[in-house]
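>>> fold the following and give me the result.
(4 chains)
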Number of protein chains: 2
Amino acid sequence: MMEKLCLQNTLRILQSADQIKARLSGDFASVHGLSVNEVLLLMHLAQAPLNRLSRVELAKRMHMSASTITRMAAPLEKIGLVSRQADTRDARLAFVVLTKPGLEKEKEARATFAKQATHVFRDRWTQKDLEQLSILLHRLTADAPGDLT
Amino acid sequence: MMEKLCLQNTLRILQSADQIKARLSGDFASVHGLSVNEVLLLMHLAQAPLNRLSRVELAKRMHMSASTITRMAAPLEKIGLVSRQADTRDARLAFVVLTKPGLEKEKEARATFAKQATHVFRDRWTQKDLEQLSILLHRLTADAPGDLT
DNA sequence: CACGTTTACTTGCATGCGCAAGCATATTGC
DNA sequence: GCAATATGCTTGCGCATGCAAGTAAACGTG
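The predicted structure is shown next:
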C-alpha cells in the first residue's frame, strides 16, 4: 500500500518537474536568451559567498558532470555574465564568478522564474497548501547540497 | 510572500526530480539495461488499451518530440520488447505495441521502480504524509495526459 | 625530497533530444 | 472529384550532456 503511494509520488514529481521545466524554458529563452540550466547556474552563483564557486562545486549542486559545467561556463563568459578567477593558493581551481551584468541578469531571471512559479500554482492554492508542500518536499531535498532557496 | 513559496516549491520539485532520476538511472541500467525514459515508455504502453499507442500519443504523454519516440522505439523493437503495428483504417499510424517479453520486462522494471521509490521516502514518512503529498502533487499534474498511476 | 595518489579541470567521443524539413496519407472545402 | 490543408511519421542537423582519458597541480608517505 505504501509502496504504491511512493511510486505514485515519484511519478508525479517527475511529471511536475517536466511541466515546470517546459514552462520556464519558453520564457527564459525568449526574455533572457538563456536556458533553464544556465539560469540555475547563475542562481547558484548569486547565493554563493563572493558570488563564486569552483566548477566541481557547481557540478555537485547542479547534479551535472564537471565537463558540462566547463562547457556551460564558456558561452556565459563570452557574453560577460561570468568570468574566470584563479585561486592564488591552489592553481588547479578555476572559480566561476558572477560579474555585475551577471548579477543583474540573475535578478531579472529570478523575477520571471518567480512569476512563472506563481503561475504554476494557479489560483486555488492557499498559503497553507504551499507551506505544506514546501515542508514535505524539503524532507526530500534536505540532504542535497546547495538548496538555492 | 506566496511568491517566495511558489519559487521555493518549484525549485524543490526540480531538485527532487533530479535526485529521483539519478537514483532510478543506476538500477535501470544495471539490472535491466534500459534508460529511465525507456522504462517510462514501456509503462505508458502497459497501461494503454491493447498495450499500444501511436507515436504522437506517446510523445504527448512523455512530454517529448515525436522524433525522439521514433528513435527510442527502434532499439526497443530490435531487442523485441515492442513491435510496430500498422492501422488498417489510417495508413499513417504506426502503433508501438508491447510484446509479451516487453510486458514481462515492464513488470520487472516497475518492481525495481517501486523499490527505489520506497527508498526515496525512507523511514520517517507516514502513510498520511505520503497521501498528503500525493494529493498536493495531483493538483499539479491533474490536467496532464497519461497519468501512469 | 621524491614518487605515487588524489583532485580540478579540459577534451574527444558517443548518445539523447528538439526543431525544421520532407514524405505519405487523411480530411476538408469548393 | 480535386485541390488545399492537416496529420503522423521519419530524417538531417545542431546542441547539450556524460564518460573516459589526458594534463596539471596539490597532497601524502617513505
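
>>> pick out the residue in chain A sitting closest to chain B.
residue A:17 (3.3 Å; C-beta to the nearest C-beta). C-beta here means a position set from N, CA and C on the backbone, and glycine is covered the same way.

>>> buried ones in the strand or helix carrying that residue?
Using DSSP states H and E, residue A:17 sits in helix A:2-27. Buried residues in helix A:2-27, counted by 16 or more other C-beta atoms under 10 Å in any protein chain shown: A:5-21, A:23-25, A:27.

>>> residues in contact with the closest residue to the residue of chain A closest to chain B other than its chain neighbours?
Among residues not flanking residue A:17 along the chain, residue B:17 sits closest, at 3.3 Å (C-beta to C-beta, 6 or more residues apart in numbering or on different chains). By C-beta atoms under 8 Å, 6 or more residues apart in numbering or on different chains, the contact set of residue B:17 is A:13, A:14, A:16, A:17, A:18.

>>> look up how far DNA strand D lies from residue B:17.
Residue B:17 is 13 Å from DNA strand D, where distance means C-beta to the nearest atom of the strand, to the nearest Å.

>>> can you check residue A:56 too?
12 Å.

>>> skipping its backbone neighbours, what lies nearest that residue in space?
residue A:66 (5.5 Å).

>>> for chain A, what lies in contact range of DNA strand D?
Within chain A, the positions near DNA strand D by C-beta under 7 Å from any atom of the strand are A:35, A:37, A:63-65, A:67-68, A:71-72, A:89-92.

>>> run a quick neighbour tally on residue A:108.
Other residues near residue A:108 come to 13 when the count uses other C-beta atoms under 10 Å in any protein chain shown.

>>> for the closest residue in space to residue A:68 that isn't next to it in sequence, give me its contacts.
Leaving aside its sequence neighbours, residue A:68 sits nearest to residue A:59 (C-beta to C-beta, 6+ apart; 7.2 Å). By C-beta under 8 Å, 6+ apart, the contact list for residue A:59 reads A:65, A:66, A:68, A:69.

>>> does DNA strand C sit close to the helix or strand where the third one lies?
For residue A:68, the host element (DSSP H and E) is helix A:66-78. Yes. If you take C-beta under 7 Å from any atom of the strand as the test, helix A:66-78 does meet DNA strand C, through A:66, A:67, A:69, A:70, A:71, A:73.

>>> which one of those residues has the most neighbours?
Neighbour max across these (other C-beta under 10 Å) = residue A:69, 23 neighbours.

>>> quick check: the gap between it and residue A:63.
As judged by C-beta to C-beta, to the nearest Å, residue A:69 and residue A:63 stand 11 Å apart.

>>> quick one: which helix or strand includes the residue positioned nearest the centre of chain A?
Nearest to the mean C-alpha position of chain A, counting by C-alpha atoms, centre = their mean, stands residue A:40 at 2.8 Å. Residue A:40 belongs to helix A:36-46 when assigned by DSSP H and E.

>>> can you name the residues of chain A sitting close to DNA strand C?
Counting by C-beta under 7 Å from any atom of the strand, chain A sits next to DNA strand C at A:54-57, A:66-67, A:69-71, A:73, A:84, A:90, A:92-95.

>>> try it again at 10 Å.
Proximity of chain A to DNA strand C is confined to A:18, A:22, A:25-26, A:29, A:53-60, A:65-74, A:77, A:84-87, A:90-96 under the rule C-beta under 10 Å from any atom of the strand.

>>> residue contacts, the residue nearest to the centre of chain A?
With contact set as C-beta under 8 Å, 6+ apart, residue A:40 has these partners: A:62, A:148, B:14.

>>> my guess is the second one contacts residue B:7. True?
No. Residue A:148 sits out of contact with residue B:7 when judged by C-beta atoms under 8 Å, with a separation of 9.4 Å.

>>> name whatever forms a beta bridge with residue A:52.
Listed by DSSP bridges, the beta-bridge partners for residue A:52 are residue A:97.

>>> burial check on it, number of neighbours?
Neighbours around residue A:52, by other C-beta under 10 Å: 18.

>>> any idea how far DNA strand C is from the residue in chain A sticking out farthest from the centre?
What lies farthest from the middle of chain A is residue A:1; by C-alpha atoms, centre = their mean that is 34.0 Å. Plainly put, residue A:1 is 31 Å away from DNA strand C if you go by C-beta to the nearest atom of the strand.

>>> ditto for residue A:75
The spacing between residue A:75 and DNA strand C, counted by C-beta to the nearest atom of the strand, is 13 Å.
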